[in-house]
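Engineer: the sequence and its predicted three-dimensional model are supplied below.
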Amino acid sequence: MIGTIVIFAAAAVQNCETLRGASEQDKCELAQSMRISPPPECKDPITQSDMNICSYRDYLRADIALNEAWQELTRSTAGDQRKRHLDAQRKWLAFRDAQCLAENGPRSESGTIWPLLQNTCLTSLTEARTKQLRDHVEIEH
């Protein structure tokens, strides 16, 4: 009986990596995290597990907003300007990931708080970049 429940639960989980586009993958992962049972207490998390899950959700939401701002920017630019923005965005993504790794170190060298620290860093930098992209779109219009 328990094996059957596990199989059905696993079958209900979609492989989000097979979806096209970062935003769709993030939305899929966020939706899956919302089906965790029992649900984490995100309003006032107490356990490290809840803090980690809730901070990951925050990061996913920030990344979805970033991807939406990016789509808006790419719709408002063309040609060489769009290529420059794409180059800058790719470099920014590499910077963000490297910066958070520099701040928190690799997971293998840390404990159970690492996901919270890493997600918080990623969220903070992602929110700042989203604001930059949105500001740039407003300047262009």
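Structural biologist: Everything's here; your move.
Engineer: can you count the residues close to I64?
Structural biologist: 20 (other Cβ atoms under 10 Å). C-beta coordinates here come from the backbone N, C-alpha and C atoms, glycine included.
Engineer: actually G105, not the one I typed
Structural biologist: 13.
Engineer: ok, now which ones touch it?
Structural biologist: Residues counted as contacts of G105 (Cβ atoms under 8 Å, 6 or more residues apart in numbering) are W114.
Engineer: and what of L116?
Structural biologist: Here L116 is in contact with Q48, M51, N52, S55 (Cβ under 8 Å, 6+ apart).
Engineer: let me know the secondary structure of the last one.
Structural biologist: Assigned with DSSP: H, G, I helix; E, B strand; the rest coil, S55 falls in the helix class.
Engineer: neighbours of it, how many?
Structural biologist: S55: 21 neighbours (other Cβ under 10 Å).
Engineer: in CSV: the contacts of L116, plus pLDDT and distance to S37.
Structural biologist: What follows is the contacts of L116, written out as CSV (pLDDT from 0 to 100; distance: Cβ to Cβ, whole Å):
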residue, pLDDT, distance to S37
Q48, 95, 18
M51, 96, 18
N52, 95, 16
S55, 97, 19
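Engineer: next step: the residues you listed restricted to helices.
Structural biologist: Q48, M51, N52, S55 (DSSP state H).
Engineer: got the contact list for stretch 15-30?
Structural biologist: Contacts of stretch 15-30 (Cβ under 8 Å, 6+ apart): Q14, Q32, R57, L60, R61, D63, I64, N67, E68, Q71.
Engineer: of those residues, buried ones?
Structural biologist: Among the contacts of stretch 15-30, those classed as buried by 16 or more other Cβ atoms under 10 Å are R57, L60, R61, D63, I64, N67.
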